[in-house]
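Participant: dropping the sequence and predicted coords here.
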Amino acid sequence: MTIARRSAGLVVVRWIGGQWRCVVLRAYRNWDLPKGMPEPGEEPLQTALRETAEETGLSALTLPWGDDYRETEPYAKGKVARFYIALSGEGEVSLPVSAELGRAEHHEFRWVSFAAARALLPPRFAPILQWAQTVVEGHPEQYSS
C-alpha cells in the first residue's frame, strides 16, 4: 500500500506531580499530539521537532529514549503519522500564532496522564500512547529531574 501522506510528531513527556504526563493539544473539538507535514528534504525526526516547537513553543527537548518511533494505522485517505518520544524538562507551553493561519493552530493544551490522553485522543493514538507509556515508565525517575 502506498502512503499518501506521512506526518511526524512527538509524544512529549514531563515528570509532573510524581507521574509522567504528556502534552495534548486541542483545535476546536479535536484533541491531537503535536505533529505536522515535512518540508522538502526534511527527515521525519526533524519534522517532529520543528512542528512541536511551532505548535507548543517547546524547543528544549531531548530524546533520552533514542529515535525509535511508532506509526499510526492509515487514516484520513491514507495518511500515516509517525511519533517519537521526547522529554521536556523545562519551558512553558505556548500556543504561538501560525504565520499561515494568522491565529494559533490550537486553542488549548493540557499536560495529562497517559490514561487521560487515551480518553481525549482519537483511538488511532492508543497504540502510540501504550508504546510511549511502556518505554517511559520502564525508565522512571532517571529522566524526571
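Facilitator: Yep, it's here. Because the structure is a prediction, the values reported are computed rather than measured.
Participant: for the protein, longest strand please?
Facilitator: Using DSSP state E to define each element, the chain has its longest strand at strand 5-16.
Participant: can I get that one in CSV? Just the C-alpha atoms.
Facilitator: Extracted as CSV, the C-alpha positions of strand 5-16 are listed here (Å, rounded to 0.1, in the frame of the first residue of the first chain):
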residue,chain,number,x,y,z
ARG,A,5,0.8,11.5,3.2
ARG,A,6,3.1,11.0,6.2
SER,A,7,3.3,13.4,9.1
ALA,A,8,5.6,13.3,12.0
GLY,A,9,5.3,14.3,15.6
LEU,A,10,6.2,13.8,19.2
VAL,A,11,4.8,12.3,22.4
VAL,A,12,6.2,15.0,24.6
VAL,A,13,6.5,13.8,28.3
ARG,A,14,7.3,15.6,31.5
TRP,A,15,7.5,14.3,35.1
ILE,A,16,4.9,16.4,37.0
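Participant: what packs against that strand?
Facilitator: The contact analysis (3 or more C-beta pairs under 8 Å, 6 or more residues apart in numbering; DSSP states H and E) places strand 5-16 against strand 19-27, strand 35-36, helix 44-56, strand 79-88, helix 126-137. C-beta coordinates here come from the backbone N, C-alpha and C atoms, glycine included.
Participant: how far away is Ala104 from Phe125?
Facilitator: To Phe125, Ala104 is 21 Å away according to C-beta to C-beta, to the nearest Å.
Participant: more neighbours, the two?
Facilitator: Phe125 (21 against 15; other C-beta atoms under 10 Å).
Participant: low pLDDT regions in this structure?
Facilitator: 1-4, 139-145 (pLDDT under 70).
Participant: tally of neighbours for Gln46?
Facilitator: Neighbour tally, Gln46, other C-beta under 10 Å: 13.
Participant: ok, and the closest non-adjacent residue to it?
Facilitator: Excluding its sequence neighbours, the residue lying closest to Gln46 (C-beta to C-beta, 6 or more residues apart in numbering) is Pro38, at 7.7 Å.
Participant: okay, now the residue lying closest to Ala48 once chain neighbours are set aside: neighbour count?
Facilitator: Spatially, and ignoring its direct neighbours in sequence, Ala48 is nearest to Ala8 (4.2 Å; C-beta to C-beta, 6+ apart). Ala8: 27 surrounding residues under other C-beta under 10 Å.
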